[in-house]
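> got a predicted structure plus its sequence, pasted below:
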Amino acid sequence: MHRTTTVNPAPVPYLSRAEVAQMFNVSPSTVTRWADEGKLVCIKTLGGHRRYLKESIVELVHHLQKEEASMEKITIKTPGMYGDHHTLAVQKALAQLPGIREVQASAASREVQVMFDGAAIDAAQIRAALAAAGYPGENGYTAAEAGDKHRKDPAWAQTNLRMTQTYSMGN
């Protein structure tokens, strides 16, 4: 008798939804959403649970870490940004620039934080685009403009509204 032995290949390692979520530092429901959107490839077990190929997830994490390492971040003080309509205008103006990954504008702190790819765009170009949109950085105002409380807000100019000031009669 001749005996043959078969060697079972090593099992392919898969990760659960919770393990993937921990690797990306997101919630498990975000991992499910990414899978539904086709951003992550998964298989479903007979019980309906999703499993993610460990090798592809680890590769994606390394790729994202490299990409994030090449990103630069700047914070620009914008004294003229004091309402939601300003933050939307700033986000719209900067989001269309090449190399911009993320724009966070805060009217409360009057700051704009921009994450960008330094190989595609530099901080001076971002500041110039911000100024062109009517929101120069903190040092973008001349001394006369900074002290002028009647300086026109660029967002009002776009609305084509006319404002008048009324005075109390002392009653």
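Yes, it's here.
> what's in contact with stretch 119-129?
Applying Cβ atoms under 8 Å, 6 or more residues apart in numbering, the set of residues contacting stretch 119-129 from outside is 70, 72, 74, 76, 93-94, 97-100, 114, 116, 136-137, 140. For every residue, glycine as well, the C-beta is placed using N, CA and C.
> so how far is Met23 from Lys39?
The spacing between Lys39 and Met23, counted by Cβ to Cβ, to the nearest Å, is 14 Å.
> more crowded one of those two?
Each of Lys39 and Met23 has its neighbours counted (other Cβ atoms under 10 Å); Met23 has more, 16 against 10.
> once you drop chain neighbours, what's closest to that one?
Val61 (5.6 Å; Cβ to Cβ, 6 or more residues apart in numbering).
> so what does that neighbour have for phi and psi?
Val61 adopts backbone torsions of phi -60, psi -40, taken as degrees, to the nearest 10.
> check Lys44 too.
Torsion angles at Lys44 (phi, psi; degrees, to the nearest 10) stand at phi -110, psi 140.
> pretty sure it contacts Arg50?
Yes - applying Cβ atoms under 8 Å, one finds Lys44 in contact with Arg50, separated by 5.8 Å.
> hang on, the earlier thing: which of the contacts of stretch 119-129 has the most neighbours?
Neighbours were tallied for each of the contacts of stretch 119-129 (criterion: other Cβ under 10 Å), and the maximum of 27 neighbours falls on Val114.
> roughly how far does that residue sit from Thr75?
Per Cβ to Cβ, Val114 is found 8 Å from Thr75.
> likewise Ala129?
If you measure Ala129 against Thr75 using Cβ to Cβ, the figure is 16 Å.
> all strands for the protein, in order.
14-15, 42-44, 50-53, 71-77, 100-106, 111-117 (DSSP state E).
> tabulate those in a markdown table, adding columns for distance to Val31 and mean pLDDT.
Written out in a markdown table, the entries for those read as follows (distance: least, Cβ to Cβ, whole Å; pLDDT from 0 to 100):
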| stretch | distance to Val31 | mean pLDDT |
| --- | --- | --- |
| strand 14-15 | 10 | 92 |
| strand 42-44 | 9 | 91 |
| strand 50-53 | 8 | 92 |
| strand 71-77 | 23 | 88 |
| strand 100-106 | 21 | 89 |
| strand 111-117 | 23 | 89 |
